[in-house]
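Peer 1: Give me a model of this one.
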Amino acid sequence: MGLTVGANPWIWHAPVDEAAVAETVPRLAEWGFDAVELPLESPGDWSPRTVAALLRRHELAPAAVVAVMSPGRDLVRTEPAAVRATQDYLLHCVDAAQATGAPVVAGPVYSAVGRTWRMTPAEREAAYAEWREYLAPVVEQAIAAGVRLAVEPLNRYETSLLNTVGQTLTALEGLPAEGVGLALDTYHQNIEEPSLPGAVRRAAGRIVHVQVCANDRGAPGADHLDWPGFLRALPEAGYHGPLCVESFTAHNDTIAVAASVWRPLADTQDTIATAGLAFLRQSLRDAA
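Peer 2: From the prediction side, this is the model:
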């Protein structure tokens with residue numbers, strides 16, 4: 001099975017509620033996308049049953065439920081009540097993935113985005129152990145639900161815990177591979193890894209989900225990234241799932257601040273999706 005292409009409604013909307021999904025899905029299908037990511041910022045933002053029916057009607061696959069680690073959602077260096085609330089939220093994401101048919105819950109499922117602190121090597125090792133302890137019940141439930149968690153390393157400005165593939169693999173040691181692996185995002189890997197293909201090769205066998213955008217979070221291909229090397233490396237590393245275009249709008253105060261999007265990243269938001277799709281389709285043909 002070849003790589004497919006998806007997109008995230010965040011390109012246009014934030015928060016992504018049921019109305020946003022209903023507006024986005026038909027257009028993605030019309031343009032020729034194969035799949036859609038489903039961000040779940042808060043439980044109840046959209047009905048899994050309604051969204052599943054919408055996707056079936058438009059013949060789009062649910063690529064992943066995307067967990068949103070907003071302030072207070074932490075599994076490390078925090079109070080027990082915050083850990084329990086974060087676990088409950090992630091369990092809700094697993095339930096939503098199962099109900100929609102999404103095979104993956106993806107995101108930085110360890111700490112709130114933007115939270116950083118300095119660590120000695122010993123403190124980092126202890127933080128990883130603490131994270132594994134608190135994530136383990138979520139992984140167990142994911143396995144029971146037929147869902148896998150995809151842990152996303154972020155760039156140094158958005159977290160200090162997991163920035164690289166190597167760090168993430170170290171942190172995952174001891175957790176069952178059938179329940180948890182890596183989510184790769186070209187935006188973050190471009191900042192933190194010496195080579196995109198090299199990062200893919202290092203993650204071989206553990207890649208669960210992939211998000212793509214240009215180096216500036218615009219349309220894939222309108223940039224300097226090594227797309228041929230990256231796209232060849234993915235199937236060689238055992239990944240055959242969707243490549244999901246993830247970008248953001250500068251016209252929403254909340255998401256613009258969270259993602260540091262201070263200017264339009266293309267002539268229109270539609271262009272990010274359609275130009276990205278065209279580029280990825282051609283690049284996949286070239287790689288084949």
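
Peer 1: Only C-alpha atoms from now on, for both contacts and neighbour counts.
Peer 2: Noted.

Peer 1: What helices and strands are in contact with the helix or strand that contains Gly276?
Peer 2: Gly276 belongs to helix 269-287 when assigned by DSSP states H and E. Helices and strands touching helix 269-287, by 3 or more CA pairs under 8 Å, 6 or more residues apart in numbering; DSSP states H and E, are strand 4-7, helix 227-236.

Peer 1: switch to 10 Å and redo it
Peer 2: Judged by 3 or more CA pairs under 10 Å, 6 or more residues apart in numbering; DSSP states H and E, helix 269-287 is in contact with strand 4-7, helix 18-31, helix 227-236, strand 242-245.

Peer 1: looking at these, which is closest to Val212?
Peer 2: strand 242-245 (4.9 Å; CA to CA).

Peer 1: Mind checking what helix or strand follows that closest one in sequence?
Peer 2: For strand 242-245, the following helix or strand on the C-terminal side (DSSP H and E) is helix 253-259.

Peer 1: average pLDDT for that following helix?
Peer 2: Taken as a whole, helix 253-259 has an average pLDDT of 72.

Peer 1: Which residues does that helix contact?
Peer 2: By CA atoms under 10 Å, 6 or more residues apart in numbering, the residues outside helix 253-259 that reach it are 10, 13-15, 70, 113-114, 158, 217, 247-250, 260-263.

Peer 1: Output it in PDB with nothing but the alpha carbons.
Peer 2: Extracted C-alpha coordinates of helix 253-259, given in PDB (Å, rounded to 0.1, in the frame of the first residue of the first chain):
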ATOM      1  CA  ASP A 253      -5.900  34.800  18.000                       C
ATOM      2  CA  THR A 254      -5.600  31.600  20.000                       C
ATOM      3  CA  ILE A 255      -3.900  29.400  17.400                       C
ATOM      4  CA  ALA A 256      -1.800  32.300  16.000                       C
ATOM      5  CA  VAL A 257      -0.200  32.800  19.400                       C
ATOM      6  CA  ALA A 258       0.100  29.100  20.200                       C
ATOM      7  CA  ALA A 259       1.800  28.200  16.800                       C
END
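
Peer 1: quick one on the thing from earlier: please, a PyMOL command that selects the buried ones among the contacts of helix 253-259?
Peer 2: In PyMOL syntax, the buried subset of the contacts of helix 253-259 is picked out as below (16 or more other CA atoms under 10 Å):
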select buried, resi 10+13+14+15+70+113+114+158+217+247+248+249+250+261
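
Peer 1: Export only the CA atoms of stretch 277-286, formatted as CSV.
Peer 2: Output of stretch 277-286 as CSV, limited to C-alpha atoms (Å, rounded to 0.1, in the frame of the first residue of the first chain):
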residue,chain,number,x,y,z
LEU,A,277,-1.6,18.0,-2.2
ALA,A,278,-0.4,18.6,-5.7
PHE,A,279,3.2,18.7,-4.7
LEU,A,280,2.9,15.5,-2.5
ARG,A,281,1.1,13.6,-5.2
GLN,A,282,3.8,14.4,-7.8
SER,A,283,6.6,13.8,-5.4
LEU,A,284,5.2,10.4,-4.5
ARG,A,285,4.9,9.5,-8.2
ASP,A,286,8.5,10.6,-8.7
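
Peer 1: List the buried residues in stretch 109-119.
Peer 2: Of the residues in stretch 109-119, those buried by neighbour count under the rule 16+ other CA under 10 Å are Val109, Tyr110, Ser111, Ala112, Val113, Gly114.
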